[in-house]
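S.K.: the sequence and its predicted three-dimensional model are supplied below.
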Amino acid sequence: MMNLALQFVLAMFATCGFCIIFRVPVKKIIWCMIIGGFGWIAYQIGLFYGNSPAVSCFFGSCVVGVLSNLASKFIKEASTIFIIPSIICLVPGSNIYYTMESLIHEETGQFASHVTTTLLMAGMIAAGLLITGSIIQMIRSLARRTLKVK
């Protein structure tokens, strides 16, 4: 396993590239980079402890979801500005490539394996973002009711 600090920096630069593509405001790019780096580290830690790539994607997307929602609250910006470029590092691009390659070469066993892994990873990314967003909304709602704040 490559040094986690190096992976963190590389994930930050990859996220920065997607921030530029998606035209994230300049003052928000550093926050997206940090969130993307931590999401990738959570993914790598999940893999290190023997989890499947799909479960590791879930952990990574949960970290991205929580950090993005926290950043949106403190910076007063929509959380999607932080989520979209930060989650790109977790997208199973190589798995999609290998899925198509095995489909073209008519290797049905490998195709089934790759397509299953790819769909599970994509589903886990969506589930992680959905679950963290829902939990944070519930916490905010309970806090408003308890403190009676509008």
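M.R.: Nice, thanks for sending it over. Source: prediction; values computed, not measured. Numbers count the residues shown, from 1 in each chain.

S.K.: please count neighbours and contacts with C-alpha atoms only from this point.
M.R.: Fine.

S.K.: look up phi and psi at Y49.
M.R.: The phi/psi pair for Y49 (degrees, to the nearest 10) reads phi -90, psi 20.

S.K.: can you report how many residues neighbour it?
M.R.: Residues lying near Y49 (other Cα atoms under 10 Å) number 9.

S.K.: one more: the one 4 residues further on?
M.R.: For P53, the tally of surrounding residues (other Cα under 10 Å) stands at 20.

S.K.: hang on, it packs against I45?
M.R.: No: shown here, P53 and I45 do not form a contact pair, counting by Cα atoms under 8 Å, at 10.8 Å.

S.K.: pull up the overlap in contacts between those two.
M.R.: By Cα atoms under 8 Å, 6 or more residues apart in numbering, P53 and I45 have no common neighbours.

S.K.: so who does I88 touch?
M.R.: 15, 18, 36 are the contacts of I88 under Cα under 8 Å, 6+ apart.

S.K.: so where does the first one fall, helix or strand?
M.R.: Per DSSP states H and E, T15 falls inside helix 4-21.

S.K.: average pLDDT across that helix?
M.R.: Mean pLDDT, computed over helix 4-21, is 94.

S.K.: from the contact counts, what lies against it?
M.R.: Under the contact definition 3 or more Cα pairs under 8 Å, 6 or more residues apart in numbering; DSSP states H and E, helix 4-21 sits against helix 26-48, helix 80-87.
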